[in-house]
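J.: for reference, the sequence and a predicted model appear below.
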Amino acid sequence: MQLSVTGAAAEYGYSRRQLHRLLALYREGGLDALEPRSRRPRTNPAATPPVIRERVIALRTWLTANGSDAGPVTIRWHLEQEGLNPPAAATISRILQQAGLITPEPRKRPRSSYVRFQAAQPNETWQSDVTHWRLADGADVEVLNWLDDHSRYLLGCVGRQAVSGDDVVSVFLELVDEHGAPASTLTDNGRIYTARFGGGRNAFEYLLPILGVRQKNGSPGHPQTQGKIERFHQTQKRWLAARPAAASLPDLQRQLNEFREHYNEHRPHRALDRNTPGHAYRATPKAVPAAERAQQHYRIRYDRLDSTGAMTLRRAGRMHHLATGRTNARKRVLALADDHQVLITDLETGEILSTHLIEPDKGYWRNQNKEPGRWPSSQK
């Protein structure tokens, strides 16, 4: 039985207007035309432009291949540097997910749950640690890193066959010459940093009090204390792994120097409000050691005495000879010079081996120390 529009509307609970609309659709396209249609607008003025989407995907690919951070926040920073109008980090994340460039990971502990310490000024605390790396032939080598706690500025990174206590002292002194002495250092309890668990002190522990630098060591078995530099090692290794393996230590050092420039000056850091470590290190006045001895001007020389127990020191373009006695032959020493005298200290024991008055017109400066093993009264 064929019903009229009015009868069908009454029978099936439709309005006459709705039935007339359905009949019109049926006449135009048959049963397929009666399927529900999407209400989504055909155009969206707020949609991310195709050129931005393409650049997001290109940056993700390039940063990943370069061994750099390639998260949505970092990609947004790079878009800003290129003068583009970047979408929100969440939008960038959706673009990467749609492109199949994000691998889901297990849920992590929220960042807000961490208690994080950060030094208030550059040079307030320097962190140091050693990490391992392999050369192209599989040889295991070590990399010594020094990181400023406040800014994450990479002060120095050097490759060695095996990092020694001498390397720690010599590299530290080079960084002090370049950046000034820090107020404190923070390291683990490795023998190159401290010998306190062996009942003594090492060269680094003798040097720091001379400079007025406070030494801090993490609790044994608690690497979270040095969390910044532990996390930094991941960034450094990811960058190195994206390049051909170094064939030798000099090759590795060239890569480390390149990485230092990239990390300090061209890589935004999440913890620094997307500023680079170099910007953060230079933006705030530096802290200085607080001890009285550090307020004096010193020149420091880290050296080894010759077979006669002597060393040389250049001052104002002239070489001067300083003798401590043959019993001190081949000892590792620190020579600490101010405007008036030079103290030569045994790095193994901390003993003052000799004191020399600065006499610019003489080539040989005699040992003035009358009481070996004690600081002269002017230095107490």
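T.: Nice, thanks for sending it over. Numbers count the residues shown, from 1 in each chain.
J.: neighbours of residue 325, just the number please.
T.: 14 (other C-beta atoms under 10 Å). Yep, even glycine has a C-beta here, placed from its N, CA and C like the rest.
J.: thought residue 351 was touching residue 345?
T.: Yes: between residue 351 and residue 345 a contact is recorded at 7.0 Å, counting by C-beta atoms under 8 Å.
J.: looking at these two, which one has more neighbours?
T.: With neighbours defined as other C-beta under 10 Å, residue 351 and residue 345 compare such that residue 345 has more, 22 against 16.
J.: secondary structure element holding the closest residue to residue 150 other than its chain neighbours?
T.: Leaving aside its chain neighbours, residue 150 sits nearest to residue 119 (4.1 Å; criterion: C-beta to C-beta, 6 or more residues apart in numbering). For residue 119, there is no host helix or strand (DSSP states H and E).
J.: got it, and residue 96?
T.: Going by DSSP H and E, residue 96 is in helix 89-98.
J.: next SSE after that helix?
T.: strand 126-134.
J.: neighbouring strands - and their directions - for that next one?
T.: strand 140-148 (antiparallel), strand 184-187 (parallel) (DSSP bridges).
J.: show me which residues of that strand are buried.
T.: 126-131, 133 (16 or more other C-beta atoms under 10 Å).
J.: in CSV: those, plus distance to residue 164 and pLDDT.
T.: Below are the buried residues of strand 126-134 laid out as CSV (distance: C-beta to C-beta, whole Å; pLDDT from 0 to 100):
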residue, distance to residue 164, pLDDT
126, 19, 96
127, 19, 95
128, 14, 96
129, 15, 95
130, 10, 96
131, 16, 96
133, 17, 97
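J.: for those residues, which one is nearest residue 365?
T.: residue 126 (33.3 Å; C-beta to C-beta).
J.: please name the bridge partners of the closest one.
T.: As for beta bridges, residue 126 partners with residue 148, residue 185 under DSSP bridges.
J.: following element in sequence after the worst-scoring helix or strand of the chain on mean pLDDT, please.
T.: Lowest by mean pLDDT, DSSP states H and E among the helices and strands of the chain is helix 292-295, with a mean of 48. Per DSSP H and E, the first helix or strand lying C-terminal to helix 292-295 is strand 299-304.
J.: now the element after that following strand, going C-ward?
T.: Immediately after strand 299-304, counting by DSSP H and E, sits strand 310-315.
J.: off-centre distance for that following strand?
T.: Put simply, strand 310-315 sits 36 Å off its chain's centre (C-alpha atoms, centre = their mean, to the nearest Å).
J.: name the residues that touch that strand?
T.: Strand 310-315 is contacted by residues 301, 303-305, 319-324, 333, 335, 337, 342, 344, 358, 360 when judged by C-beta atoms under 8 Å, 6 or more residues apart in numbering.
J.: just checking: what are the partner strands of that strand?
T.: Strands flanking strand 310-315 in the sheet, each with its direction: strand 318-323 (antiparallel) (DSSP bridges).
J.: from the chain's centroid, how far away is the partner strand?
T.: Its chain's C-alpha centre and that of strand 318-323 lie 40 Å apart, by C-alpha atoms, centre = their mean.
J.: buried stuff in it?
T.: Buried residues in strand 318-323 (16+ other C-beta under 10 Å): 320, 322-323.
J.: hey, C-alpha coordinates of stretch 253-261 in PDB?
T.: Taking Å, rounded to 0.1, in the frame of the first residue of the first chain, the C-alpha atoms of stretch 253-261 are listed here in PDB:
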ATOM      1  CA  GLN A 253      88.500  15.800  19.900                       C
ATOM      2  CA  ARG A 254      87.500  17.600  16.700                       C
ATOM      3  CA  GLN A 255      84.000  16.100  16.900                       C
ATOM      4  CA  LEU A 256      83.800  17.100  20.600                       C
ATOM      5  CA  ASN A 257      84.900  20.700  19.800                       C
ATOM      6  CA  GLU A 258      82.200  20.900  17.100                       C
ATOM      7  CA  PHE A 259      79.600  19.400  19.500                       C
ATOM      8  CA  ARG A 260      80.600  22.000  22.200                       C
ATOM      9  CA  GLU A 261      79.900  24.900  19.800                       C
END
